[in-house]
Structure formats: C-alpha cells, structure tokens
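Participant: Okay, here's the prediction I keep looking at, along with the sequence it came from:
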Amino acid sequence: MANQKTPGTLNFHLRKEYHGEGAATQAADSFVRWGLIGAGAGAVQSAWTTKAEVDLKTLPILAKTAGNIGRLALTFGAVAAVHRGTDVALRDEHGHRTFKSSATAGAVSGALLAIPFGSLRSGLLGSAALAAVSVAAYLNNNEIF
C-alpha cells in the first residue's frame with residue numbers, strides 16, 4: 001500500500017532497496033547513482049561560475065566545465081560508495097545495523113573529503129559531519145546513501 005502511486009504525485013526514491021546483495025555491489029550502485037548527482041552538481045557549478053565574456057575561448061571553458069563535472073562526480077560517487085560499502089560490510093559482520101556501524105561509515109567516508117580539498121581539517125570536519133548525519137539517520141530508521 002505504501003508504494004502505490006497517488007494520482008498527481010511523483011514517486012521518486014533516491015534510495016534503492018537491496019535484497020541480499022553484497023557490500024561491493026551496493027557500493028558500486030551508490031557510486032554510480034551519486035556520481036550522476038555529482039555530475040549534475042558540477043554542471044550547475046560550472047554554469048553558475050563561468051563568466052560570459054566575449055574574448056573567452058570555447059575550449060578552455062569546456063575543459064574547466066568537464067573538470068568540474070568529473071571532480072564532483074568522482075567526489076560524490078566515492079563518498080557514497082565508501083559509506084555504503086563500509087556500512088553494509090559492518091552490518092554483515094554484526095548481523096544487524098548499529099549506530100556504531102553508521103558512525104564508522106560516516107567517519108570513514110567523510111575523511112575522503114580531505115582529498116579534493118587538500119587539507120586535514122576538511123577531512124576531520126567531513127568525518128565528524130558525516131558520522132553525525134549517519135547516526136541521526138540511523139536513529140530515524142533511515143540511511144543517507
């Protein structure tokens with residue numbers, strides 16, 4: 001009954017239900033889905049920040065846009081894949097989902113943010129933030145990736 005489509009509404013679920021798939025399969029699926037979202041964010045960021053000037057050459061603008069799209073797609077995809085893979089692997093190890101597995105997955109995946117930003121501070125803040133969000137999602141019986 002909960003999955004029935006109500007007339008006039010969109011039924012779009014970003015999260016997919018997994019039935020017995022392993023951590024690697026779920027991580028790969030999360031990488032692809034969130035990588036596409038990151039690519040969209042990169043395209044929007046490029047459109048928002050590129051200055052329209054008459055004397056700009058097309059090739060450098062396209063290269064910068066492709067770089068933004070690729071960087072954000074890889075970042076979003078990698079963070080989602082590491083989070084999902086870690087969470088599922090820990091869940092399989094313990095036999096059920098715990099707040100510790102959610103916090104660990106958030107901390108590990110948040111540490112990846114140190115790579116694109118190039119600072120330890122970003123990694124620590126990303127770890128703390130994603131761990132907190134993961135635990136909050138766990139407490140509300142949800143998942144973030």
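Facilitator: That came through, no problem.
Participant: what's in contact with the helix or strand of the chain with the lowest mean pLDDT?
Facilitator: The weakest-scoring helix or strand in the chain, judged by mean pLDDT, DSSP states H and E, is helix 114-117 (a mean of 83). Contacts with helix 114-117, where a contact means Cβ atoms under 8 Å, 6 or more residues apart in numbering, come from R71, T75, L120, S122, G123, L124, G126. Bear in mind the C-beta positions are built from the backbone N, C-alpha and C, glycine included.
Participant: And the average pLDDT for whichever helix or strand comes after it is what?
Facilitator: Moving toward the C-terminus from helix 114-117, the next helix or strand (DSSP states H and E) is helix 120-139. Average pLDDT, helix 120-139: 90.
Participant: Please apply the same query to stretch 85-95.
Facilitator: Rounded mean pLDDT across stretch 85-95 is 89.
Participant: Extract the CA atoms of it and return them as CSV.
Facilitator: What follows is stretch 85-95, C-alpha atoms only, in CSV (Å, rounded to 0.1, in the frame of the first residue of the first chain):
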residue,chain,number,x,y,z
GLY,A,85,30.3,-0.3,1.4
THR,A,86,31.5,0.2,4.9
ASP,A,87,28.0,0.3,6.4
VAL,A,88,27.0,-2.9,4.7
ALA,A,89,30.2,-4.7,5.5
LEU,A,90,29.9,-3.8,9.2
ARG,A,91,26.2,-4.7,9.1
ASP,A,92,27.0,-8.1,7.6
GLU,A,93,29.7,-8.6,10.2
HIS,A,94,27.4,-7.8,13.2
GLY,A,95,24.3,-9.4,11.7
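Participant: Which residues does that stretch contact?
Facilitator: For stretch 85-95, using Cβ under 8 Å, 6+ apart, the contacting residues are 18, 22-24, 26-27, 30, 97-98, 100-102, 104-105, 108-109, 134, 143, 145.
Participant: What about the residues you listed, which are in helices?
Facilitator: Among the contacts of stretch 85-95, the members falling in helices (DSSP state H) are 23-24, 26-27, 30, 100-102, 104-105, 108-109, 134.
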